[in-house]
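Engineer: Sequence and computational prediction follow.
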Amino acid sequence: MPGTFCACSTPMGQSGIAVIRISGPLSGTGLDDCFKIIRTSGSAKVISQMEGYTAALADFTDPSDGSVIDRVVVTRFTAPHSYTGEDMTEISCHGGNAVKQEIFRVLFEKGIRPAEPGEFTKTAFVNGKLALSEAEAVMNVIKSESSGALKVSNSQVFGKLNSELSKVEETLYKALSLIEMIVEFPEHDDTPANTDRVRKMISSAIDVLVPLKDSYAQGRLLADRLKVALAGKPNSGKSTLLNKLTGFDRAIVTDIPGTTRDTLDQDIDINGIPVRITDTAGIRQTDDAIEAMGVERARSSIREADLCLFLISPDDPADEVIEQLSCIRNSGTDIPVELVFTKSDMGINDASEEISRKAEDLGIEKTMVISALSDEGIDLIRKEISDFYDSLGSSSSTVIISGRHAGLLALASDKLMEAVNALDDGLGEDIASSVIRSALEDIGSITGKTVSNELVNTIFSDFCIGK
Amino acid sequence: MNIKEALEIKDSFMAGGYDVAVVGAGHAGCEAAHACAKLGLKTVLFTLYLDSIANLPCNPSIGGTAKGQLVREIDALGGIMGKIADECAIQMRMLNRSKGPAVYSPRAQMDRHRYSDVMKCYLEKVENLDIRQAHVTDLLTEEGAVTGVMTESRAVYSAKAVVICSGTYMESRTIRGGVICESGPDGLPRSVGLSASLSEAGIPILRFKTGTPVRVNSSRLDFDQMTRQDGEYDIPPFSYDNEMHGKTVPEDQVPCWSVWTTPVTREVITENMDRSPLYSGVITGIGPRYCPSIEDKFMRFKDKDRHQIFVEPMGRQTNEMYLQGFSTSLPEDVQVKMVRSLPGLSEAVIQRSAYAIEYDLVEPLSLTPALESKVVKGLFTAGQINGSSGYEEAAGQGIIAGINAAMKVLGKDPVILDRSQAYIGVLVDDLVTKGTSEPYRMMTSRAEYRLFLRQDNADTRLTPIGHDIGLIEDERFSLFEEKMRLIEEETERLKSTYIGPSDTLKEILESAGSVLPPSGISLADLLKRPKVTYELIEGVDKERKPLPSYVTKAVETDIKYEGYLKLEKEKIEKFSELESRRLPEDTDYEKIEGLRLEARQKLNKLKPINVGQASRISGVSPADISVLLVYLEMKKREEK
C-alpha cells in the first residue's frame, strides 16, 4: 500500500520517551508547518530542508491553530538512506498518551495514514534495505503482526465497533446509492433527487463517527492505562496515599523528606479501570546528584501522566507549594492538576485558602481533603479518578482502542463534512459521490468491505430499475 | 479434438487457414474481427445468420450511463461501434447533464435494421477479413492450444488464435410461461455443440438467463396518453473522428415516449404469477438484478404500486416499437392483457412477444486480463459468453480480445487496460478477477476513478494507445494531437490571463450567484466558481479566439475540477504502483510461507498477472499483499 504512513515504534504506555516514525513522500514537505525548529546543527528553517541524519530540537505544533503540542527532537532521513529506504522523519516526543495522541491526530489530518502490520519492515525489504536472508523473517513479522491485528478484530471490543461501523456504512451506502441511483438510471422519473435526505444521512453518520473517534481518548487506556501522577513537596504523604490505594506497602515511608528517591509505578484497578499510579519523588532543589536525577524523572512522569494529584501537607509553606505548582504548569503540559490536602487528622494547612486562590489563577480548581491514617477521603480519591476517566469518554457507547482505527475514522469524518459542503455548494453529484466513496474506503479498511461491491448490491436491493 | 481427428470424420474437409477465426458476429465479434483484420492478420468471421450481424435483439439503443463512456472508449481505441451508431441514430441525448461532467452519458436510439445492414456492409469492405455464414460446432486444439474450428457442415479451418463471441446463443432456449423453444433470440438459430466442445477442452461452463420485452405496432397506439421525450441536438457524436471532422448528430430526430403501469397491470400479473416459469422453477439460469422482468419488479418491490415503461421506436420506417421496462417470461396470453392495461396501449397489437432466454457461458474467472483462456492457449472470448450483458460491454471486450488475439499471433505482449485507464479496464478486471453471479452490466459506480474516466476525455486516455497498436491511423492521430495542443494552450491562457473588477464582471458573477473579487483574478480562478461557465465569462475575456466546443468543454472541465482531479490522480498513482508489480505465471503460491492458507488457494486458482489484481481477489488481505511484495523482491534478488 503506497503512501505515507506512521506508527509509534516504542511500546505502548511503558516508555518515558516515545518515537513516532513516518515514512513516505509526505514525511518532509508535508509536515513542514508542523515543526517550529528551535535549534539544529545546520541552517534548515523547515524539516524538509534538513539533511539526512541530522536532528533538530523543535516544537511540534498543530498548524490549524498554531498551538504547541510538545517539544520534540526530530530526526530526518532522506531516501534511500533510511530504514525503509524512503524519506523518513522520526519524532522523539514525550511518552505521555495525550501527547502521542495529539501528534497522531495532526499527522492523520495531514493525510498520513496509520501503518499496516509489518509495513516498515516490508518497505525496508522491498527497497533493498534488508538482506535477502531476512526475507523469511520479514514475511513472518507481517504474518504475526497481522494475526495480532486479527486477534484485536476478533475481540469483543472490536465486535462492537464493527457492528457500530456497519450501521454507519449502511447509512452511507444508502446515501451514496440515492445519489448513484439518479446518476445510473437518469431516465427514470420515479427516482427523485434526494439531496436533503442524502445530507441528513451523511450528518447522522458524522454524528456517530465523531464521538467514536473521540472515544479513543478513553479506549487507548484499555491498551494503555490511565496514568495518575502523585506530586507534591517531599513528605507531603504521596507514598502513604499510594500504599492506601494499592493496599500494601510499596514505597518506603519514613518521616525523612526525600525518602522516595525515584518514581514508583503501581498498576491498580479502580472501579474496573486500569490505572497506573506513579509516586514521584518530591520536586525540590537539591545538591544530591542521585536525588536530582529522581527529581528530573518526577518532572517527566508528571508530563506523561493523564492526571496529576498534587498533595499538600499541613506544614507545607504556601509559597513553596505555589512555586512547585507553577513549575508543573510551565513544564510544557496542560495536564489536569487537582489539589489534595493531606493528613487532615493533623489539621488543615493554615494557608489553604491562599493556596487554593493562587492555584485557581493557574487554572487548578479542584481540591480534596484526605487523611490516610483515618481513611478520610480515600474513597473520594478513588471516585475522583474514576470520574476523571469517565470525563475522557465521548457520547459513544463503543470505544476505540486502536490508534489506526481512530486515525481512519478521523479521515472519514473529515471527508464526510467535505461531502456535505460539496452538496451545499451545488457541485455535481459526481464530486459529492467521490468524496463519500473515499470516506467509505477509509471505514472499509477497518471493516474489510470493498466499496464497489457493496454499493452495487445496495443499489440493486433498494431500487427497482432496469429495462 | 485436433485437426487430424476432425479430418477423419466423414465428409469433413480442410476449408482454409487463417491467423484468427472469430466465432459470432454480434457486437463483440464485429469489433474483434475488425481489430484483427485492421492489424494485418488474415481473419475470418463466422455468423449463424448473415443478415443479423450486430443485431440489437433487445433495446435498439446504444450508450447510456457508463455504456456511453464505453462506446466513446471503443472509438478512441480505433473501434467501429461509435461510427456505425452515429450513422444509424434516430434520436440522441446526453444523460445526466445536471449531475457533473464525470457522469455525462451519451445515449442514442438506433434504427435496428439499418445498424445491422451498415455494419455488414462496412465489414465486407475491410481488407484481410472474410465473413461467412456457418455454424461452428467444435473447437480444435492440440496440446492445450487452439489450432482451429470445425463447422456443422464439417468444414475444418485452421487458425492460430480463435475468438469466441457466442452471445446468448450457446445451447440457448427461450421461455414464455410453460412454452420452451430451443432457439436463439427472436427465433434465430442457436449454437449447438460448441459449449460441449469447450467443456471437453476443460473450460468451466455456467448458465445465465436474461429477457426481452414485448414489441408492438405503433399504428394502434394513442400517443396522447403518453409523455413525449425528444432528442437533443447540441451534443457530440459518439465518434471522436466524426466530432473532429465537425459532424453533428442527426437533424430529424424521432421522439420516444413513456407511460406508467396501471392497477390493472398489477392485477393481471399478480393473478397469473403461478404461470411464471421463474416462480415455478422452470428457469434455472441466473438472471440480472438490474434488468428484472416486470413480474419480478412487482413481486420484489411490493411497496411500489406502479412502474415506468418506455415506448421506443425500432427504426425510422418501421412501426415496430419496443416496450422498455416490460420484460417478462409470462405466457403469451397474459402478455396481451398486460400490454393492453397500459395507458395508450389498450388496442395495441403485439408484433413480437416477450421471452426469457437461457444460455451457456464461460466462467470468466478462467480468463486472463487479456481475455485469453487460462485453460486453452490462443482461445479468447468476449461479450456475453464472459458473463456480461449489453452491446457496449460486449463491444468493449471484443476490441480487447481482438487486439490480444492479434498480439498473440504476432508474438507481442498483450494490451491490457487497467482500472484507472478505462471503463473497459474496469469491466474486464471485474469479470476476470471477481467473476460474476449474474449478467454483468457496466455502471459508473463500479469505477473508482470516475472523475477521470469521462466520456469527453476517452481520446486523451486511449487514442495514443490505439495509435501505438496500429488501430488509429496517422491522419486521425495528428488531428487528435492538434486537439490536445489547443486544449493545453487555452488552459494556459486562462490561467495566465488576469482581469480586474469591472461592472461587466460584477453582472456576470451576480447572474451566477457569485460576488466580485476585491482585486484581479485569473480567468481560470473565475471558472472554478460554482455555476460560472466558459460561455458565461465571454464578456470579460477580450482575447478569446473561436475554438471548437470539444476544446472549450475539455478546458472548462479540467479547470473546474482541477482540485478533485489532482486528488484522483494521486490515488491513481498509488494504484498504479501495485499494478506495475508483475507476478510470474509460474508462481507457486503454496510455497510462499507467509501467505495465509485461503490466500494461497485463491492465488493459485486465479493466477493474477500483477500484485494489483491479486489485491482485488476476495480472500486476499493487505498482509498477504505485503508478503507478495517481499516475495517478489526476494525473487528479484535471487535472480541477480
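Structural biologist: Good, I have the coordinates.

Engineer: tell me the contacts of residue B:195?
Structural biologist: Applying Cβ atoms under 8 Å, 6 or more residues apart in numbering or on different chains, one finds that residue B:195 lies in contact with B:170, B:171, B:205, B:360. Glycine gets a C-beta too; all of them are placed from N, C-alpha and C.

Engineer: Distance of the first one relative to chain A?
Structural biologist: It stands for residue B:170. 22 Å (Cβ to the nearest Cβ, to the nearest Å).

Engineer: What of the second one?
Structural biologist: Using Cβ to the nearest Cβ, one obtains 24 Å as the distance from residue B:171 to chain A.

Engineer: Repeat that for residue B:384.
Structural biologist: In terms of Cβ to the nearest Cβ, residue B:384 sits 15 Å off from chain A.

Engineer: Tell me how many other residues surround that residue.
Structural biologist: By other Cβ atoms under 10 Å in any protein chain shown, 29 other residues sit near residue B:384.

Engineer: quick one: the closest residue in space to it that isn't next to it in sequence from chain A, how far?
Structural biologist: Nearest residue to residue B:384 in three dimensions, chain neighbours excluded: residue B:167, at 4.8 Å (Cβ to Cβ, 6 or more residues apart in numbering or on different chains). According to Cβ to the nearest Cβ, residue B:167 and chain A sit 17 Å apart.

Engineer: Could you measure from residue B:167 over to residue B:363?
Structural biologist: Distance, residue B:167 to residue B:363, by Cβ to Cβ, to the nearest Å: 17 Å.

Engineer: Which secondary structure element is home to the closest residue to chain B within the stretch 51-200 of chain A?
Structural biologist: Proximity of the stretch 51-200 of chain A to chain B (Cβ to the nearest Cβ) peaks at residue A:139, 2.9 Å away. Using DSSP states H and E, residue A:139 maps to helix A:135-154.

Engineer: Same question for stretch A:369-384: list its buried residues.
Structural biologist: Neighbour-count burial for stretch A:369-384, counted by 16 or more other Cβ atoms under 10 Å in any protein chain shown, picks out A:369, A:370, A:371, A:372, A:377, A:381, A:382, A:384.

Engineer: Report the contact partners of residue 216.
Structural biologist: Assuming you mean chain A. With contact set as Cβ under 8 Å, 6+ apart, residue A:216 has these partners: A:101, A:399, A:400, A:401, A:403, A:405, A:406.

Engineer: Wait, chain B was what I had in mind.
Structural biologist: Neighbouring residues of residue B:216 by Cβ under 8 Å, 6+ apart: B:311, B:320, B:321, B:323, B:339, B:345, B:348, B:349, B:350, B:351.

Engineer: Number of residues surrounding the first one?
Structural biologist: It stands for residue B:311. For residue B:311, using other Cβ under 10 Å, the count is 26.

Engineer: That one looks like it's in a strand, true?
Structural biologist: Yes: counting by DSSP: H, G, I helix; E, B strand; the rest coil, residue B:311 is found in a strand.

Engineer: Skipping adjacent residues, who's closest to it in space?
Structural biologist: residue B:257 (4.2 Å).

Engineer: State the phi and psi torsions of that neighbour.
Structural biologist: Backbone torsions of residue B:257, given as degrees, to the nearest 10, read phi -140, psi 160.

Engineer: Hmm, it is touching residue B:230, no?
Structural biologist: No: under the criterion of Cβ atoms under 8 Å, residue B:257 is not in contact with residue B:230, lying 10.4 Å apart.
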